[in-house]
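>>> kindly return the folded structure for what I paste below:
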Amino acid sequence: MSMRLLEVSDVKKQYGSGCSACIERTGDDAGTNHCPVCDTVIACANINLTVDAGEVLGIVGESGSGKSSLAELIALEKDDEGEVAGDISYTEYDGNLLAVDYQTRHELKNTHLSLVHQHIRDGLELEFSGGGNVAEKLLSAGWRRYDDVRERVRSLFDATEIPVDRMDDPTHTYSGGMQRRVQIARALANKPDIIILDEPTAGLDVSVQARVLDMFRRIQQQNDVAAIVVSHDLSVIRLLADRTAVMRHGRIIESGLTDRIMEDPHHEYTQTLINSVI
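I've put the predicted structure just below:
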């Protein structure tokens, strides 16, 4: 039996003051995530999901469905905007992750939870070398010996199929596919339990997408690391995810084993999504 790593319970994020009508008047049935009474945006609400050790959970939905907001919450990418409620519990921490202090959040993000950002500039310093971007993650976790850091970076470059002889080149000189792989190498640096990938193929050519996804699937299986993969692209979810949650207007409208979702979707929106790519 797999160990439960992460449990998300009744999570909500909103932009605006909110009112008593927000939940009832937003979501799939309402066809919007904007409250018509107070104009609050409900980025996501009533979210419940779990992730077990070694499992890949896919979260799929169109732009504006709330999937990236949810990914950022799970990855503890705390910002100063919006109000958050609910509970995210994690095996390595006894308590609600949404309520932890800065130091605890920093430690969790460096050692247990890693996010691969949708936008390259959010995840990498492009003026740093590729190796420097990965080394920074190691140094933040307490690595100190230069030789150990260099060797770990070399092994991560090799695992993610980045030419090791490019390790000291500025990251802005890398191709888009290489930059994405540097983000993945950085995310893997401290052997986290869970990696969250937000639109991992964004901005990549189709042939490059395939290489990045195949590489990640191989590494994920070899290291038995759990992952949450967020994408609007059903082919990405079909390739990587064991289970899938479908989001629309800030709510999860359907979830289950990926094969079942793809072959026998129950919700009309999920049926439309799948039929659009067949």
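
>>> can we go C-alpha only for contacts and neighbour counts from here?
Will do.

>>> which non-adjacent residue is nearest the most far-flung residue of the chain relative to its centre?
Residue farthest from the centre of the chain, counting by C-alpha atoms, centre = their mean, is V37 at 31.8 Å. Counting by C-alpha to C-alpha, 6 or more residues apart in numbering, A21 is the residue found nearest to V37 once chain neighbours are left out, at 7.0 Å.

>>> my guess is S89 meets L6, correct?
Yes. The pair S89 / L6 is scored as a contact, 5.8 Å apart, by C-alpha atoms under 8 Å.

>>> distance check, E199 against D214.
15 Å (C-alpha to C-alpha, to the nearest Å).

>>> would you map the strands across the stretch 1-150 of the chain?
For the stretch 1-150 of the chain, the strands defined by DSSP state E, counting those that start in this stretch cover 4-15, 41-52, 56-60, 83-90, 93-96, 113-116.

>>> which one of the ones you listed has the lowest average pLDDT?
With a mean of 87, strand 93-96 has the lowest mean pLDDT of those.

>>> partners of that one, with directions?
strand 83-90 (antiparallel) (DSSP bridges).

>>> residues contacting the strand it pairs with, please?
Contact with strand 83-90 is made by 5-16, 74, 95-98, as judged by C-alpha atoms under 8 Å, 6 or more residues apart in numbering.

>>> so where's the stretch 51-200 of the chain shaky on pLDDT?
79-80 (pLDDT under 70).

>>> name the helices or strands packed onto whichever helix in the chain runs longest?
Longest helix in the chain by number of residues (criterion: DSSP state H): helix 206-223. Applying 3 or more C-alpha pairs under 8 Å, 6 or more residues apart in numbering; DSSP states H and E, one finds that helix 206-223 makes contact with helix 176-188, helix 234-240.
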